[in-house]
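Engineer: The sequence and its predicted three-dimensional model are supplied below.
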Protein chains: 2
Amino acid sequence: MTSLSPTARTTLGRKRNRAATERATLYAVLDEALICHLGVLRDGAPLVLPTGYGRDGDTLYLHGSTGATSLRTAAGEIDVCVTVTLLDGIVYCRSVNNHSVNYRSAVILGRPREVTDRDEKMHGLHVLTDHLSPGSWEHARGVNAKEFAAVSVIALDLAEASVKLRAEGPDDEPSDVAADAAWAGVLPVRTVFGEPEPSADLPSGWAVPEHVRARVTPTAATIR
Amino acid sequence: MTSLSPTARTTLGRKRNRAATERATLYAVLDEALICHLGVLRDGAPLVLPTGYGRDGDTLYLHGSTGATSLRTAAGEIDVCVTVTLLDGIVYCRSVNNHSVNYRSAVILGRPREVTDRDEKMHGLHVLTDHLSPGSWEHARGVNAKEFAAVSVIALDLAEASVKLRAEGPDDEPSDVAADAAWAGVLPVRTVFGEPEPSADLPSGWAVPEHVRARVTPTAATIR
């Protein structure tokens, strides 16, 4: 499956030219971002909470404490919404009105299922760990029985998803371009990883392991 | 008002020690982040969309085309949820299970009102512009009558809000610390502004104006 299959709900109502139709674009957004915003229904109103996730093929895994309201609500009778947004730039135009942002955003709708199969649940935790901190599954101590029992994993199919993006320069009125009375351009926005900060209780012999070191953004290593 | 006034909905169900109670913390999160995730109810299910916002005192302004579904739905009979999240770091622990993130997150619940008063609507647009691109309100061409009519501004009171955060090192089990078998620490995550990219149709005489230039993150200026 290489194209998204929009339903009435995921077909954009406006600015259709901003809709991406390649499934690879959906995957790229999900794989690059670090967190999602999970929308659930609580007492008849939407509640939106940031949370981690991981993707394996066309399955999105989410997890949390077995006591967390959001997950109990999410694995229920009502569809949820998972939205992942990457902000890429601020678009300055000659007119205030045309100011905009460059971004890539994925919206996934569906009814998640709680993962109860033991093997899939452990696989889901592996996928979640690989997303947040690649290499940690191999480096750190594994999940023990008590920890395994205390965590819930839910799975959401990527069947109903849409991707929207803007990735271009200013879109000014011709009269404003002709007037040449203001600057126009894009201020790029980037998410970077700074210099790792070892735990205060870590013995001095430890070097930052390569799976962490390799993530540091070269030109941002001094940003604290 | 210097403290948040939690209701049953905004009192954290778990990890209460992660709740911030200072109103200044709420303001700081809202003023630092660039976009929010707006949760509305559509056809009985939550829909979460990224959007811009701006804050003036205890009022949050949102805007969009008068034709946008999300705003029409937002200014309705049902509460909405606005969530703003800053991701500050990835927390590597000795155990996979204790891996976490450092973050600051604000959740605001309420029933927004559409701003119909002409002066307040223009003020809302000013606040929104100052948030996205400070200085542009003074630098760029102002909003004309046609543009003013085509945009909707809604206002949400910050009365019902909660802030949750984690800002600390690894929280490992004592037995894992004693075993000393894995690295632990924080990988800082930062949002930075790169070198401005002038519009392709901008005459060559333009220098990047100071209100844009001043936002560039010094050590990240070469990040494209």
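Structural biologist: Thanks, I have it. Numbering: from 1, shown residues only, chains lettered A, B, ... in the order given.
Engineer: CA only for contacts and neighbour counts going forward, please
Structural biologist: Fine.
Engineer: Any regions of chain A where pLDDT drops low?
Structural biologist: A:1-20, A:65-76, A:220-224 (pLDDT under 70).
Engineer: could you redo the last one with a cut-off of 90?
Structural biologist: Within chain A, the stretches with pLDDT under 90 are A:1-22, A:43-44, A:64-78, A:204, A:218-224.
Engineer: what about residue A:170, distance to residue B:200?
Structural biologist: 9 Å (Cα to Cα, to the nearest Å).
Engineer: ok, the two, which is more surrounded?
Structural biologist: residue A:170 (24 against 11; other Cα atoms under 10 Å in any protein chain shown).
Engineer: Can you show me the strands along chain A?
Structural biologist: Ranges of strands in chain A, per DSSP state E, are A:19-20, A:36-42, A:45-51, A:54-56, A:59-65, A:80-92, A:100-110, A:113-114, A:151-157, A:160-166, A:185-193, A:197-198.
Engineer: got JSON lines for these, with mean neighbour count too?
Structural biologist: Output for the strands of chain A, formatted as JSON lines (neighbours: other Cα atoms under 10 Å in any protein chain shown):
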{"stretch": "strand A:19-20", "mean neighbour count": "20"}
{"stretch": "strand A:36-42", "mean neighbour count": "26"}
{"stretch": "strand A:45-51", "mean neighbour count": "25"}
{"stretch": "strand A:54-56", "mean neighbour count": "20"}
{"stretch": "strand A:59-65", "mean neighbour count": "21"}
{"stretch": "strand A:80-92", "mean neighbour count": "25"}
{"stretch": "strand A:100-110", "mean neighbour count": "23"}
{"stretch": "strand A:113-114", "mean neighbour count": "18"}
{"stretch": "strand A:151-157", "mean neighbour count": "22"}
{"stretch": "strand A:160-166", "mean neighbour count": "22"}
{"stretch": "strand A:185-193", "mean neighbour count": "23"}
{"stretch": "strand A:197-198", "mean neighbour count": "18"}
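Engineer: Quick check: which of the ones you listed is nearest to residue A:208?
Structural biologist: strand A:197-198 (7.6 Å; Cα to Cα).
Engineer: Can you point out the buried residues in the lengthiest helix in chain A?
Structural biologist: Counting residues, the longest helix found in chain A (DSSP state H) is helix A:118-132. For helix A:118-132, the neighbour count (16 or more other Cα atoms under 10 Å in any protein chain shown) marks A:121-122, A:124-132 as buried.
Engineer: for stretch A:193-209, same thing?
Structural biologist: Of the residues in stretch A:193-209, those buried (16+ other Cα under 10 Å) are A:193-199, A:208.
Engineer: Can I get those residues in a markdown table including distance to chain B?
Structural biologist: Shown next, in a markdown table, are the buried residues of stretch A:193-209 (distance: Cα to the nearest Cα, whole Å):
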| residue | distance to chain B |
| --- | --- |
| A:193 | 5 |
| A:194 | 5 |
| A:195 | 7 |
| A:196 | 5 |
| A:197 | 5 |
| A:198 | 4 |
| A:199 | 4 |
| A:208 | 7 |
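Engineer: does any bit of the longest helix of chain A sit next to chain B?
Structural biologist: Yes. Judged by Cα under 8 Å from any Cα of the partner chain, helix A:118-132 comes into contact with chain B at A:129, A:132.
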